[in-house]
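**Student:** got a predicted structure plus its sequence, pasted below:
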Amino acid sequence: MSNTAIKHLRDMEDALRADGMRITRQRVAILSVLAEANDHPDADEVHRRTKQVDPSVSLATVYRTLSVLENHGVVHRLTFEGGGARFETADAPHHDHIIDVDTGAVVEFHSDKIERLQAEIAAELGYDVVHHKLELYCRKR
């Protein structure tokens, strides 16, 4: 496990403890799956991956754990058109998403040009950007 994944794991454990939850073997397996995920898995996919590590993990435990992590801000729930909620750790640097409309694949990207343009448009209208998200629904050429 990378140093980044270990930090994610510790942050998630702290969030569970802050909510009064015990750090069980099953929850550690769920947290490990989330910390190592390089994609945006939904709850079913988190459950499937976790069962490979610990077959005793229930889908209900996955949902409860994700809910607590989301409430504490260490995991973001992403909801894209045409699909269910997906999850990613919250400490990733700012990025936007391309959603492949044919496969459902989610690609992260960052564009300084887009960030500058958004700030310029907001400023022209008398605003400062506080937060934003950009989702592009695309089809491969």
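**Tutor:** Happy to help now that I have it. Keep in mind the model is a prediction, meaning the values are calculated, not measured. Residues are numbered from 1 along each chain as shown.

**Student:** can you confirm residue 78 is in a strand?
**Tutor:** Yes - under DSSP: H, G, I helix; E, B strand; the rest coil, residue 78 sits within a strand.

**Student:** helices and strands of this protein: which one bottoms out on pLDDT?
**Tutor:** helix 3-18 (a mean of 83; mean pLDDT, DSSP states H and E).

**Student:** name the helices or strands packed onto that helix?
**Tutor:** Helix 3-18 sits against helix 25-36, helix 59-71, strand 85-89, with contacts defined as 3 or more CB pairs under 8 Å, 6 or more residues apart in numbering; DSSP states H and E. C-betas here are computed from N, CA, C, even on glycine.

**Student:** may I have the first one as CSV, with CA atoms only?
**Tutor:** To tie it back to what came earlier, the one meant is helix 25-36. Extracted C-alpha coordinates of helix 25-36, given in CSV (Å, rounded to 0.1, in the frame of the first residue of the first chain):
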residue,chain,number,x,y,z
ARG,A,25,-11.8,-6.4,10.3
GLN,A,26,-14.7,-5.9,7.8
ARG,A,27,-14.5,-2.1,8.0
VAL,A,28,-10.7,-2.1,7.6
ALA,A,29,-11.2,-4.2,4.4
ILE,A,30,-13.7,-1.7,3.1
LEU,A,31,-11.4,1.2,3.9
SER,A,32,-8.5,-0.5,2.2
VAL,A,33,-10.5,-1.0,-1.0
LEU,A,34,-11.5,2.7,-1.0
ALA,A,35,-7.9,3.9,-0.2
GLU,A,36,-6.5,1.9,-3.1
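
**Student:** now do the helix or strand just after that helix against helix 25-36, angle only.
**Tutor:** The helix or strand immediately downstream of helix 25-36 is helix 43-53, counting by DSSP states H and E. Put simply, helix 43-53 runs at 120 degrees to helix 25-36, going by axes from the mean of the first three to the mean of the last three CA atoms, to 10 degrees.

**Student:** list the residues that contact the most centrally placed residue in the chain.
**Tutor:** Taking CA atoms, centre = their mean, the centroid of the chain lies closest to residue 88, which sits 1.2 Å from it. By CB atoms under 8 Å, 6 or more residues apart in numbering, the contact list for residue 88 reads 37, 40, 75, 76, 78.
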